[in-house]
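# Build me a model from this:
(chains A and B)
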Amino acid sequence: MPHTGAVPSTLPDGDPAPADGALPSSALRGLGERPFGVYVHVPFCATRCGYCDFNTYTPGELGTTASPESWLEGLRRELDLAAGVLGSAPPAETVFVGGGTPSLLGVDGLTDVLDAVRDSFGLAADAEVTTESNPESTSAEFFAGIRAAGYTRVSLGMQSAARHVLAVLDRTHTPGRAVAAAREAADAGFAHVNLDLIYGTPGERVEDLRASLDAVLAAGVDHVSAYALIVEEGTALARRVRRGDLPAPDDDRLAESYELVDSVLSAHGLDWYEVSNWASSADARCRHNLGYWLGGDWWGAGPGAHSHVGGVRWWNVKHPARYATLLADGASPAAGRETLTDDDRRIERVLLELRLAEGLPLDTLDDTGRANASDAVADGLLDRIALAEGRCVLTARGRLLADAVVRRLT
Amino acid sequence: MSTFADTTFTPPELIRNFCIIAHIDHGKSTLADRMLQITGVVEERAMRAQYLDRMDIERERGITIKAQNVRLPWQVDGQNHVLHMIDTPGHVDFTYEVSRALEACEGAVLLVDAAQGIEAQTLANLYLALENDLAIIPVLNKIDLPAADPDKYAKEIAHIIGCEPEEVLRVSAKSGLGVRELLDEVVLKVPAPQGDADAPARAMIFDSVYDTYRGVVTYIRVVDGKITPRERIRMMSTNATHELLEVGIISPEPKPSVGLGVGEVGYLITGVKDVRQSKVGDTVTSERKGATEPLAGYREPKPMVYSGLYPVDGSDYPDLREALDKLQLNDAALTYEPETSAALGFGFRCGFLGLLHLEITRDRLEREFGLDLISTAPNVVYRVVLDDGTGELIVTNPSDWPTGRVGEIFEPITRCTIIAPSDYIGTIMELCQTKRGQLGGMDYLSEDRVELRYTMPMAEIIFDFFDALKSRTRGYASLDYEESGEQSAELVKVDILLQGEPVDAFSAIVHKDAAYGYGTRMATKLRELIPRQQFEVPIQAAVGSRVIARETIRAIRKDVLAKCYGGDITRKRKLLEKQKEGKKRMKMVGRVEVPQEAFVAALSTDESSDKGKGKK
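Residues are numbered from 1 along each chain as shown, chains lettered A, B, ... in the order given. Reported below is the predicted structural model:
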């Protein structure tokens, strides 16, 4: 459902991970000098949305094999194992609870989750603590409760203000609910509220997108994420498109939609800081996500969650039942891992940092990459002035062609 | 089983040499199989369908590329005879080989499908046989087919060769019905070979094939004298001499013999490794006291159609060279030399006898040598007289077309024969007109079948004429053509430019009236085939500096993954690596990335799938 989670459904190919979850000493070196965060994956949804390919399960799909209780038990065990593996782990500077639908856990469940993080790692004094929420499973009391528990930021899956768009996406909330929820969150003392938008849904008209943007602005949030709809293989939406029931999103129209989103948001003080993210100030940016893009360390806990520490990436088994069983046996839930080479890390820097408004230092590139950067300026994809100052920063057109620019620079 | 035919030096009067002239799918191979079986040289259980067609491609396409021959025993009225059946290649590209095979015979079985009637290529080969004074035995095959109309086609054949319809034999090669009678007829009708047994040896090479274990196997027909093993022989066209390692007959497996006498057909092995040292049509004589006059009719193989062959993966270039070297061992007509294309990299300019020869060669390179190839649009050989009096150029590649200095241009022309139901006369005439054809004559073969004779530029024929003819006549028309000199023509070179850069692989020589059509077609095709780039790409077709057609590939507007969070990074990096790997398979034209598939698709004509193949 919400889309900032770190858990796509397909796991990559990698090397086997050790049963004790141990990391090489090279990965642990410098731990604490880099940003450190904790991601918690909540693999539950009330229903499955037709476009979603995230690692999430409805009660019907899980049956008796796993429950929020067995999951929470596993989570506690994994966080303990994490604290052991990392040794002198620093306190978490950011926590992000994603899913799935974390708000299904309710105030008590989310409080338990945050307590588990506190018990294992501790929280930094100014920690950013975000949870994703579905508008329909929130209320004024819910926000007040999680604020009191220590959450500082809420991310709401709004997607659209158009009823027919929400219907295509199988979203159950009414068009006005997301905005109302954002206001309730603000009233409960949340200074940082994000609304997620999806554009390019089959049947979405320009006026629908405009109405969604108007609603976002009316809600007065300090952060917006907007994503082009991706028709993921294996989803109900993909089947409907293949059958011809729905038209496939058209890249040219998606580009126009992106331009509309960017121009409306920036005209109202929400500036892009990552290709798909806008914020009203530097403080409003999501620090947890910046950790992903700036090569930070994080421990991703929960089924299918991905982690990164010091150049080692790994990912957990997907199914909640298998996840709980492994941890009950005292084993690491990791399904596979990869140790990045220097070249891998350089390429990752390019593909991640180029997505940011701060851009990528030119000296990250090899000679060919630098020459191609100049060409990209000539093609209007990179900012001329920034390049002269030693940084590769995408232009508005360049943001829409970011992957192509990355291919040229690496 | 031992027979009269197992020993050689058979008296010429007991020998009959014949071939079978037939259209591709009229049952020649089946008939040959049946003859092998009925004469007893192949036992039933060893019988493999179409025994004589050896190569896989021949078997698949149902055509004979390389002629085989076989020695058969046959008794008529208690008298033993030796029959040499010479199996001729069945396609227009191999007319020269056919003519040599005919030269080795005194008679020909004209085999026609009783449901389809005679086809253009058969007719052309029949005329060749008549020119060689061969005795013709007309036969209708497949008379047991429900669709057979033997009376109608017997009349047609009788009309063409000037006999009575009753003289046309009726057989079913499949069941064997009438085949014994046909063999009897061969003995009765085909004249015995004549030659001077005491004269210096002269034998004509009518085929030579490369065998991995034995080197080149040369098929000969002895005209005068005798060829015996362990004597040295001389190839009269080159004066090269070779030791004879083996002389033998085919029945149908090779069988060494003590020699071959007048009128006999067999093989010889000299240890040479390359068929170009054993040329079809050449005369073999003995080194000592050899003949001084070669047999008439020898011709060097001459490529008529050229095309560039390029490996899709540039690193396969050495493999392509090696594969061509190997193919050439068995294909004296194949020529190739290295060439470089700005768009396609390193490859070879290859010369072929015709379009089928090209396709078969390409097929074999891909199938037998595992290569993935791009072939450029085929073209003929042009003679360009320069207007500055400095002479003339022979152009086999559009890249070599002179700029500016073109005086008069000559292109090869063909005489072609089209046979079709008379309903299609109008359609065919219209098509030939657009292909710059000139009607030479028209004859009704029967009430509803007509033969049209045209003079037509060869370039038009090799482009897409056959496909167009087939589709406009619902497959009923058949075509044969032969080279017939050259004519002066107003030809231009059309270049295709991407972002102002000419793509040499797409350049074509066309008649000036067809330039616009070619340019528009290519530009439209490429707009569909080339993916959108990060910038707008104009596609232009130009004659010299004059742009005659233009299309634009709009710049791509979106190429970015919307979401890139913690769990997406590994997948994203791997995708990037894969995309960069894919980019290596792109050909760069200036700054434009063109996928290999775009070249392949742009260079294939729309209906190139069954050009000249007949059998499906």
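
# residues from the stretch 251-400 of chain A in reach of chain B?
Residues of the stretch 251-400 of chain A found near chain B, taking C-beta under 8 Å from any C-beta of the partner chain as the criterion, are A:251-252, A:254-256, A:258, A:275-276, A:289, A:292-293, A:298, A:300, A:304-308, A:313, A:315, A:338, A:344, A:347-348, A:351-352, A:355, A:379, A:381, A:399-400. Using the backbone N, CA and C atoms, a C-beta is placed for each residue, glycine as well.

# among those residues, which are in strands?
A:298, A:300, A:306-308, A:313, A:315, A:338 (DSSP state E).

# and residue B:544, what does it touch?
B:403, B:492 (C-beta atoms under 8 Å, 6 or more residues apart in numbering or on different chains).

# Now do stretch B:549-562: everything it contacts.
Counting contacts by C-beta under 8 Å, 6+ apart, the residues touching stretch B:549-562 from outside are A:227-228, A:230, A:251-252, A:254-256, A:258, A:275-276, A:399-404, B:516, B:519-520, B:522-524, B:526-527, B:530-541, B:568, B:572.

# Show me those residues that map onto helices.
If you go by DSSP state H, those have A:251-252, A:254-256, A:258, A:399-400, A:402-404, B:516, B:519-520, B:522-524, B:526-527, B:572 in helices.

# Quick one: the helices in chain B, in order.
Applying DSSP H to chain B gives helices spanning B:28-38, B:56-61, B:95-103, B:120-131, B:150-161, B:179-189, B:317-329, B:355-368, B:425-434, B:458-460, B:466-472, B:515-529, B:569-584, B:596-603.

# Turn the ones you listed into JSON lines, including distance to residue A:191, mean neighbour count and mean pLDDT.
Shown next, in JSON lines, are these (distance: least, C-beta to C-beta, whole Å; neighbours: other C-beta atoms under 10 Å in any protein chain shown; pLDDT from 0 to 100):
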{"stretch": "helix B:28-38", "distance to residue A:191": "87", "mean neighbour count": "23", "mean pLDDT": "88"}
{"stretch": "helix B:56-61", "distance to residue A:191": "75", "mean neighbour count": "17", "mean pLDDT": "52"}
{"stretch": "helix B:95-103", "distance to residue A:191": "89", "mean neighbour count": "23", "mean pLDDT": "85"}
{"stretch": "helix B:120-131", "distance to residue A:191": "87", "mean neighbour count": "21", "mean pLDDT": "87"}
{"stretch": "helix B:150-161", "distance to residue A:191": "95", "mean neighbour count": "19", "mean pLDDT": "93"}
{"stretch": "helix B:179-189", "distance to residue A:191": "99", "mean neighbour count": "18", "mean pLDDT": "97"}
{"stretch": "helix B:317-329", "distance to residue A:191": "65", "mean neighbour count": "17", "mean pLDDT": "91"}
{"stretch": "helix B:355-368", "distance to residue A:191": "67", "mean neighbour count": "20", "mean pLDDT": "88"}
{"stretch": "helix B:425-434", "distance to residue A:191": "77", "mean neighbour count": "16", "mean pLDDT": "95"}
{"stretch": "helix B:458-460", "distance to residue A:191": "78", "mean neighbour count": "25", "mean pLDDT": "92"}
{"stretch": "helix B:466-472", "distance to residue A:191": "72", "mean neighbour count": "19", "mean pLDDT": "87"}
{"stretch": "helix B:515-529", "distance to residue A:191": "53", "mean neighbour count": "18", "mean pLDDT": "94"}
{"stretch": "helix B:569-584", "distance to residue A:191": "29", "mean neighbour count": "15", "mean pLDDT": "89"}
{"stretch": "helix B:596-603", "distance to residue A:191": "54", "mean neighbour count": "18", "mean pLDDT": "82"}
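
# Ok, which of these comes nearest residue B:270?
Closest approach to residue B:270 among the helices of chain B is made by helix B:317-329 (14.1 Å; C-beta to C-beta).

# helices or strands next to that closest one in the packing?
Applying 3 or more C-beta pairs under 8 Å, 6 or more residues apart in numbering or on different chains; DSSP states H and E, one finds that helix B:317-329 contacts strand B:305-311, strand B:335-341, strand B:345-352, helix B:355-368.

# How much space separates the spatially closest residue to residue B:400 that is not a sequence neighbour from residue B:308?
In space, and not counting its chain neighbours, residue B:400 is closest to residue B:393: 7.0 Å by C-beta to C-beta, 6 or more residues apart in numbering or on different chains. Here the criterion is C-beta to C-beta, to the nearest Å. By it, residue B:393 lies 18 Å from residue B:308.

# So the two - more neighbours on which side?
Taking other C-beta atoms under 10 Å in any protein chain shown, residue B:393 and residue B:308 do not tie; residue B:308 has more neighbours (26 against 17).

# For that one, give me its contacts.
Per C-beta under 8 Å, 6+ apart, neighbours of residue B:308: B:339, B:341, B:344, B:347-350, B:375-376, B:397, B:505.

# out of those residues, who's nearest chain A?
residue B:344 (22.9 Å; C-beta to the nearest C-beta).

# What is the burial count for the nearest residue to residue B:183 once chain neighbours are set aside?
Nearest non-adjacent residue to residue B:183, counting by C-beta to C-beta, 6+ apart: residue B:74, 5.2 Å away. The number of residues packed near residue B:74 is 22, by other C-beta under 10 Å.

# tell me the contacts of residue B:74?
Applying C-beta under 8 Å, 6+ apart to residue B:74 gives the contacts B:39, B:80-83, B:183-184, B:186-187.

# For it, give the beta-bridge partners.
Taking DSSP bridges as the rule, residue B:74 bridges to residue B:81.

# what's the neighbour count on whatever residue of the stretch 201-350 of chain B ends up closest to chain A?
Relative to chain A, the nearest point of the stretch 201-350 of chain B is residue B:314 (19.5 Å; C-beta to the nearest C-beta). For residue B:314, the count of nearby residues is 14 (other C-beta under 10 Å).

# if I look at it, how far off is residue B:7?
Residue B:314 is 57 Å from residue B:7, by C-beta to C-beta.

# Check residue A:57 too.
Following C-beta to C-beta, the distance that separates residue A:57 from residue B:7 is 86 Å.

# For these two, indicate the residue with more neighbours.
residue A:57 (20 against 12).

# how much space between the closest residue to the more buried one other than its chain neighbours and residue A:74?
The shortest distance from residue A:57 to any non-neighbouring residue, by C-beta to C-beta, 6+ apart, is to residue A:43 (5.6 Å). Residue A:43 sits 11 Å away from residue A:74, taking C-beta to C-beta as the criterion.

# so what sits against both of the two?
Shared contacts of residue A:43 and residue A:74 (C-beta under 8 Å, 6+ apart): residue A:320.

# did I read that right, residue A:115 in a strand?
No - secondary structure of residue A:115 (DSSP: H, G, I helix; E, B strand; the rest coil): helix, not part of a strand.

# What score does it have for pLDDT?
pLDDT, residue A:115: 97.

# can you check residue A:8 too?
On pLDDT, residue A:8 comes in at 62.
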